[in-house]
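S.K.: Provided below are the primary sequence and the corresponding predicted coordinates.
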Amino acid sequence: MTAPLLRVKGLRRHYASGGGLFGRARYVTRAVDDVSFAVMPGETLGLVGESGSGKSTTGRLVMGLEEPDAGRVVFDGTDLTSLSASRRKPFRQRMQIVFQDPYAALNPRMRVGDFVEEPLLVHGVEAGPDRVAALFRTVGLDPAFMQRYPHEFSGGQRQRIGIARAIALRPQFLVADEPITALDVSIQAQIVNLFQDLQESMGLALLFIAHDLSMVRYLCSRVAVMLRGRIVEMGPTEAVFGDARHPYTKALLSAVPIPDPAQERGRRRLAFDAGGYVFPPDAALRDTGDGHYVLMGEAA
Ligand SMILES: Nc1ncnc2c1ncn2[C@@H]1O[C@H](COP(=O)(O)OP(=O)(O)OP(=O)(O)O)[C@@H](O)[C@H]1O
Ligand SMILES: [Mg+2]
């Protein structure tokens, strides 16, 4: 059996807020609470859940952009959470992140070719126009565009530029945090197809954070559903979509529009009161068989 590329164990990140100058914090947001999962080499794990459920925080913790309060992030057998910044540097090459808003990530005064080349120069890896041109071709952009500036590109092209930079160092693992949410619907499928191509050609493992369940179903072999900082259901995509066990997952799935108008009219949306749902202190993800995990709470 192959070992997981990434293992996340008991990850926790709580944010305190609302306290006065010397006072104690009044509110604690449990952004990420006891989150554990694994990603195999070349595997695509989808992470879904409503706004504020902790998806981006999970992505940032995995990338080391933020420190967890508890838990471990183990990459290829090495516990990253215990490493100093300098010892972590080699792992920065092997793990990369792509964000939702490609324009915010791009430097408006930098030629896009230089932007894609930058990580190669920073890490002292072979750079140069040929290498950059190859990266442009890989993401479906004409290398003639290398000399242009970000404002000359469409949203989808900018996301391709962001992806070219992210794969420049040939990472094994990519976090994609809502990479298609800001794009026109007509462009979304093209970018999802690009991720699929890269996953196949580079053996890239992906943590794909998304709102759009149909894209996750198409792209991801496994999916994890987050609710209020917890993973409440996780398993093979077809098992979770076809045989959802958690009431929250069922509610999410019932909200996905059906392309057939006749079926769509008969669609029943299930209600789920996320705010009134509590997890018992000993709540844990349990394997219900075939790697399909569920964590049950109860309506308060
Ligand atoms: N730096 C921070 N300081 C305080 N609270 C934060 C911080 N970052 C996130 N939070 C809170 O943590 C919770 C989880 O946020 P997070 O951004 O991870 O959610 P998300 O699932 O990515 O949501 P979205 O779908 O809107 O992107 C939210 O309640 C958010 O307000
Ligand atoms: Mg987010």
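M.R.: Received, thanks. Ligands and ions are numbered 1, 2, ... in the order given.

S.K.: Model confidence for residue 276, exactly?
M.R.: In the prediction, the pLDDT value recorded for residue 276 is 89.

S.K.: and it, what does it touch?
M.R.: Taking C-beta atoms under 8 Å, 6 or more residues apart in numbering, we find residue 276 in contact with 299, 300. The C-beta positions use only the backbone N, C-alpha and C, and glycine is treated the same way.

S.K.: Please tell me how far it sits from ligand 1.
M.R.: 17 Å (C-beta to the nearest ligand atom, to the nearest Å).

S.K.: my guess is residue 11 is in a strand, correct?
M.R.: Yes. Using DSSP: H, G, I helix; E, B strand; the rest coil, the assignment for residue 11 is a strand.

S.K.: Tell me the spacing between residue 153 and residue 79.
M.R.: In this structure, residue 153 and residue 79 are 40 Å apart, going by C-beta to C-beta, to the nearest Å.

S.K.: And those two? Which one has more around it.
M.R.: Using other C-beta atoms under 10 Å, the more surrounded residue of residue 153 and residue 79 is residue 153, with 19 against 12.

S.K.: tell me the contacts of the closest residue to the more buried one other than its chain neighbours?
M.R.: Setting aside the residues directly before and after it, residue 153 is nearest to residue 161 in space (C-beta to C-beta, 6 or more residues apart in numbering), at 6.8 Å. With contact taken as C-beta under 8 Å, 6+ apart, residue 161 is in contact with 102, 106, 112, 115, 116, 139, 141, 150, 153.

S.K.: wait, isn't the fifth one in contact with residue 136?
M.R.: Right, residue 116. Yes. With contact defined as C-beta atoms under 8 Å, residue 116 reaches residue 136; the gap is 7.2 Å.

S.K.: Need the overlap of contacts for these two.
M.R.: Common neighbours of residue 116 and residue 136 (C-beta under 8 Å, 6+ apart) are 146, 164.

S.K.: Which one's more surrounded, those two?
M.R.: residue 116 (27 against 20).

S.K.: That one is in what secondary structure piece?
M.R.: According to DSSP states H and E, residue 116 maps onto helix 112-122.

S.K.: Alright, that wraps it up for me.
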